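**Q** A predicted structure for the sequence below; I have some questions about it.
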Amino acid sequence: MKVPFTYGKLVHEDDFTNRVHEFRRLVSNFKSSINTILISPRRWGKSSLVLKAVKQVTKESKDIIICIIDLQNIRTEEQFYKLLATKVLQASSSRMDTIMDNARSFLGRFIPNLSFSPDPGTDLKLSLDWIEVKKDPDDILNLANRIAHKTKKNIVICIDEFQNITEFEDPLGFQKKLRSHWQLHQKVSYCLYGSKRHMLMEVFSSPSMPFYKFGDIIFLEKIKEKDWVGFIQKRFKETGKEIEVKNASAIAKHCENHPYYVQQLSQQVWLRTTKHCESETIQKAFEDIIMQLSMLFQLLTDDLSTKQINFLRAVTNNEEQVTSQDVLKEYNLGTSANVVKIKRTLHDREIIDIIGKKVEFMDPLYKYWLREYYFD
Ligand SMILES: Nc1ncnc2c1ncn2[C@@H]1O[C@H](COP(=O)(O)OP(=O)(O)OP(=O)(O)O)[C@@H](O)[C@H]1O
Ligand SMILES: [Mg+2]
């Protein structure tokens, strides 16, 4: 029997729950050629949501081409251009001769060479004179718009892990280049998504930045406890097992509604349940997951400075005024300027999230581990 809970992979169909409004908004933006920026901490469901919207639009609109680009392994501008050109060409047609035609007509001056691996559906390999491309990437940045005009279709380009562009050599110069081209594109819209809220907020909402007011910004929220309860109960029921509301709700609570962990814990609980889920099973499964992760958490913590760890201790104790003199002293945090620095570093390393004045752990299980196993 297929296990009814999935984590660590993109979820779709029956494994996907909720997100009704965000889904509609994405679909509508894609169809209306509105740029979208989608931001959430890691593993809250950005990629799955975009993919679901992409599938819907592909099914409904034959005159929209969608191209998905993942910047996960992209560290330089050159790699970016290469990936963009390859993916746009690949999305432009399913026919090799048309793709070749497009490459020659729009990228001809870089002397393109294309090859496919023999298996159908696998990646296209594009070689261009990348040194020339980097000097003058206009043709690559405009490629999608030209193809859109030629095919008389609109194109939506979805770029995952967009925060990676801030690691390029000259991020600001690069953003200026992108924006100056992309804002002229009439038939291409962009869906840019990723984690590192602060970084992306800076890119998209500082008036001094090139991408200011580029599009509709969506902050993805966690899925609510009541929605998880419905989902967990349904998945148990469909597979001939039962779980009471209070237990399904305990699963969501243990994971603070974090989508990845709720799925992981649900799966572990489901696997240990023959017919009817007992409350003890949840605690046991949860502790097992914590144990599996403890090595990772230990390594993560070993890498932090004493003051950073002290700061995390203050956060696990729900101290609200971390910069008050009492708290600074009690946790040995140094000056309040020091705390600002600690916060920035921990945020950049995606250990904490800062929403207004509130500091939260990105990983609720790391918080639990620190509190129960490390500080105790
Ligand atoms: N709508 C959803 N319904 C059910 N589970 C979900 C949903 N969205 C996310 N999840 C759970 O969270 C996990 C992570 O989802 P996904 O990879 O889409 O998130 P992400 O925000 O793109 O993550 P990353 O920041 O690592 O790229 C999934 O494997 C799944 O277990
Ligand atoms: Mg993702």
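**A** Sure, I can see it. Ligands and ions are numbered 1, 2, ... in the order given.
**Q** low-confidence stretches in this structure?
**A** For the chain, the stretches with pLDDT under 70 are 117-122.
**Q** just checking, His258 touches Arg43?
**A** Yes - counting by CB atoms under 8 Å, His258 does reach Arg43; the two are 7.1 Å apart. For the C-beta atoms, the positions are set from N, CA and C on the backbone; glycine is no exception.
**Q** out of those two, which sits in the busier spot?
**A** His258 (23 against 18; other CB atoms under 10 Å).
**Q** for that one, what are its contacts?
**A** Residues near His258 by CB atoms under 8 Å, 6 or more residues apart in numbering: Arg43, Trp44, Lys222, Asp363, Pro364, Leu365.
**Q** filter the residues you listed down to the ones near ligand 1?
**A** Among these, the residues lying close to ligand 1 (CB under 6 Å from any ligand atom) are Arg43, Trp44.
**Q** mind giving me CSV with the contacts of His258 and columns for secondary structure?
**A** As requested, those are exported to CSV (DSSP: H, G, I helix; E, B strand; the rest coil):
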residue, secondary structure
Arg43, coil
Trp44, coil
Lys222, coil
Asp363, coil
Pro364, helix
Leu365, helix
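**Q** which one of the contacts of His258 sits closest to Asn73?
**A** Within the contacts of His258, distances to Asn73 taken as CB to CB reach their minimum at Arg43, with 18.1 Å.
**Q** any residue of the helix or strand hosting Ser266 touching ligand 1?
**A** Per DSSP states H and E, Ser266 falls inside helix 259-271. Yes - residues of helix 259-271 contacting ligand 1 under CB under 6 Å from any ligand atom: Pro259, Tyr260, Gln263.
**Q** ok, and the closest non-adjacent residue to the last one?
**A** So that's Gln263. Excluding its sequence neighbours, the residue lying closest to Gln263 (CB to CB, 6 or more residues apart in numbering) is Tyr7, at 4.0 Å.
**Q** now do the SS call for that neighbour.
**A** coil.
**Q** quick one: it and Tyr260 touch, right?
**A** Yes - counting by CB under 8 Å, Tyr7 does reach Tyr260; the two are 5.1 Å apart.
**Q** and Lys46, how many neighbours?
**A** So Lys46, with other CB under 10 Å, has 22 neighbours.
**Q** tell me which element the nearest residue to it once chain neighbours are set aside falls in.
**A** Counting by CB to CB, 6+ apart, Lys46 lies nearest to Tyr193, which is 4.9 Å off, once chain neighbours are set aside. In this assignment (DSSP H and E), Tyr193 forms part of strand 188-194.
**Q** in stretch 58-65, what counts as buried?
**A** Buried residues in stretch 58-65, counted by 16 or more other CB atoms under 10 Å: Ser61, Ile64, Ile65.
**Q** restricting to C-alpha, output that stretch in PDB.
**A** C-alpha atoms of stretch 58-65 as PDB (Å, rounded to 0.1, in the frame of the first residue of the first chain):
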ATOM      1  CA  THR A  58      -1.000  24.100 -18.800                       C
ATOM      2  CA  LYS A  59      -4.200  22.100 -18.700                       C
ATOM      3  CA  GLU A  60      -6.500  25.100 -19.200                       C
ATOM      4  CA  SER A  61      -4.600  27.400 -21.500                       C
ATOM      5  CA  LYS A  62      -3.000  26.100 -24.700                       C
ATOM      6  CA  ASP A  63      -1.600  29.500 -25.500                       C
ATOM      7  CA  ILE A  64       0.600  29.900 -22.500                       C
ATOM      8  CA  ILE A  65       4.000  28.300 -22.400                       C
END
